[in-house]
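Engineer: I'll drop the sequence and a predicted model, then ask my questions.
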Amino acid sequence: MFERYTEQARRAIFYARYEASCQPAKEITTAHILIGLTRDTGSRADRVGSLTEHTARLRTELAIPCPPKNTQGRDLMSDMRLNHNSKLALAYAAQEAGLDDSYWIDTDHLLRGLLRFPNEATAALSSISLDLATAQTLSRRNRAEFPEKKTLYVRLFGAPFRAHRPALLKLLAVVVVLFLGAFLIHSLIY
């Protein structure tokens, strides 16, 4: 599920899971994802929203205390699932990556996914004066200043290929049918 996520975005989801497991939570919420995004200094989300500067304020707004130092009483590797809003935020993050023509889903896309709809993290993000339009502008500016490294696979089969995939598959099917038809006619004549 997370194969398109950058290492920092995966780490943010891991921290979200950790935060949820330290609480009496049964699922990972968008609030936990937001707190997970505050853990990595220097990530794209941090550069866009200055999240690490506002960690204490965000925790207060979200009513999520700091995790206890001793977590032996709770199984941190228990099976924590994403709730509906978290799944929706991840889907929106993928759409935001598509808007940037980026194959990879990074932390700024996660942040923008959280800002796309009302959820547990919305009020906390508005308390630090961050909205979707601002985040998109700052994110694009950050991506222009620090472009992502694209692998050969992404260059060949990334976002531009995905946009034309149905048409290319139809063209491939037509070529195969024509080739088989020509082969069949050739074998019947000779």
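Structural biologist: All right, it came through fine.

Engineer: Please parse the protein into its domains.
Structural biologist: 7-145, 152-189 (automatic domain parsing).

Engineer: quick one, longest helix in the chain?
Structural biologist: Taking DSSP state H as the criterion, the chain has its longest helix at helix 159-189.

Engineer: Report the rounded mean pLDDT for that helix.
Structural biologist: Helix 159-189 carries an average pLDDT of 82.

Engineer: circling back to that earlier point, out of the domains of the chain, deepest packed?
Structural biologist: domain 7-145 (a mean of 18; mean count of other C-beta atoms under 10 Å). To be clear about C-beta, it is placed using only N, CA and C from the backbone, and glycine gets the same treatment.

Engineer: so where do the strands sit in the protein?
Structural biologist: Listed in chain order, the strands of the chain (DSSP state E) span 27-28, 81-82.

Engineer: before we move on, back to that, by mean pLDDT, show me the worst of the domains of the chain.
Structural biologist: domain 152-189 (a mean of 78).

Engineer: Tell me which residues are up against stretch 44-59.
Structural biologist: 8, 12, 34-35, 37-38, 40-41, 65-66, 106-108, 110-111, 124-125, 127-128, 130, 135, 138-139, 142-143, 146 (C-beta atoms under 8 Å, 6 or more residues apart in numbering).

Engineer: quick one on the thing from earlier: quick one: closest of the strands of the chain to Leu172.
Structural biologist: Nearest to Leu172, of all the strands of the chain, is strand 81-82, at 36.1 Å by C-beta to C-beta.

Engineer: picking that back up, make a markdown table out of the strands of the chain and add distance to Leu115.
Structural biologist: Formatted as a markdown table, these follow (distance: least, C-beta to C-beta, whole Å):
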| stretch | distance to Leu115 |
| --- | --- |
| strand 27-28 | 18 |
| strand 81-82 | 17 |
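
Engineer: closest to Leu168 out of these?
Structural biologist: Distance to Leu168, taken as C-beta to C-beta, is lowest for strand 81-82 among the strands of the chain, at 33.0 Å.

Engineer: For that closest one, which outside residues touch it?
Structural biologist: Under the contact criterion C-beta under 8 Å, 6+ apart, strand 81-82 has outside partners 27-28, 90.

Engineer: what's near enough to touch Ile128?
Structural biologist: Residues in contact with Ile128 (C-beta under 8 Å, 6+ apart) are 49-50, 54, 57-58.

Engineer: of the residues you listed, closest to Ala16?
Structural biologist: Nearest to Ala16 among these, with distances taken as C-beta to C-beta, is Leu58, at 12.9 Å.

Engineer: how far away is that closest one from Ile64?
Structural biologist: When distance is defined by C-beta to C-beta, to the nearest Å, Leu58 is 8 Å away from Ile64.

Engineer: which residues are in contact with both of the two?
Structural biologist: What both Leu58 and Ile64 touch, as defined by C-beta under 8 Å, 6+ apart, is the set Ile35.
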